[in-house]
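Visitor: no sequence for this one, just the structure:
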């Protein structure tokens, strides 16, 4: 049994992989610099033979997990890094290690799911967009702040906005709270639409669209019917499982 761990900027997710399915998934939020009680987490799991980790978080968090795995399970964590190619996917970056490992693993999972042109939109702390051809060639992508980060940046750098109450997404707002909430979410949706259209032009065909990340459902609800999509909340972990089994 392998332990798979996805450490994002604000959330940690894990699952067990038996070679067929992801089992006993779990998640918890974390803040940068916050200590995570990995020992208690590991004590609650069955025996594992290996641990594979994808992390975009602070190195201190990686070190704490590695230490807990060695002390509690007697195993060394395998930290995955993006490479020029793996599992049928070819990385577009000239410096392949600079592509976020979460994005790289999402590409691997999407390519394994179906050999088709696909756009992947990840909505977490950042909004990431990637285009992948049917033969596994990564065209590249975009990175922008996700809606919550846009909102935080706006509130933190605007003197008179102050704290805003929970709001709804509307097309034209008549109050500041709705205007900020709607503006950030509709900006994200518009970027997805634009990238999808440009990627389709490069492919010469309409690609599939996959949404992942904590904001996937909210983002998907704002996309027009002309952009059918599927949501895969475990896309990074699925890619990590494939990578772990590949021997790459």
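Guide: Now that the structure is in, tell me what you want to look at. All values derive from a computational prediction rather than experimental measurement.
Visitor: for this structure, what spans make up the helices?
Guide: With DSSP state H as the criterion, the chain has helices at 38-43, 59-73, 101-113, 147-156, 176-203, 216-220, 235-246.
Visitor: measure how buried residue 30 is and give me the count.
Guide: Residue neighbour count, defined by other CB atoms under 10 Å, stands at 18 for residue 30. For the C-beta atoms, the positions are set from N, CA and C on the backbone; glycine is no exception.
Visitor: test my guess that it contacts residue 57.
Guide: Yes - between residue 30 and residue 57 there is a contact at 7.5 Å, judged by CB atoms under 8 Å.
Visitor: now for the two: what residues contact both?
Guide: Among the neighbours of residue 30, those also in contact with residue 57 (CB atoms under 8 Å, 6 or more residues apart in numbering) are 7, 12.
Visitor: how about residue 210, nearest residue that isn't a chain neighbour?
Guide: The shortest distance from residue 210 to any non-neighbouring residue, by CB to CB, 6 or more residues apart in numbering, is to residue 120 (5.0 Å).
Visitor: tell me the domain ranges of this protein?
Guide: Structurally, the chain divides into domains by automatic domain parsing as follows: 2-79, 115-240.
Visitor: nearest to residue 85, of those domains?
Guide: Proximity of these to residue 85 was assessed by CB to CB; the nearest stretch is domain 115-240, lying at 8.3 Å.
Visitor: that older thread, looking at the helices of the chain, spot the one closest to residue 140.
Guide: Set against residue 140 and scored by CB to CB, the helices of the chain come closest in helix 176-203, at 9.5 Å.
Visitor: in JSON lines: the domains of the chain, plus mean pLDDT and distance to residue 96.
Guide: Converted to JSON lines, the domains of the chain look like this (pLDDT from 0 to 100; distance: least, CB to CB, whole Å):
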{"stretch": "domain 2-79", "mean pLDDT": "91", "distance to residue 96": "15"}
{"stretch": "domain 115-240", "mean pLDDT": "94", "distance to residue 96": "10"}
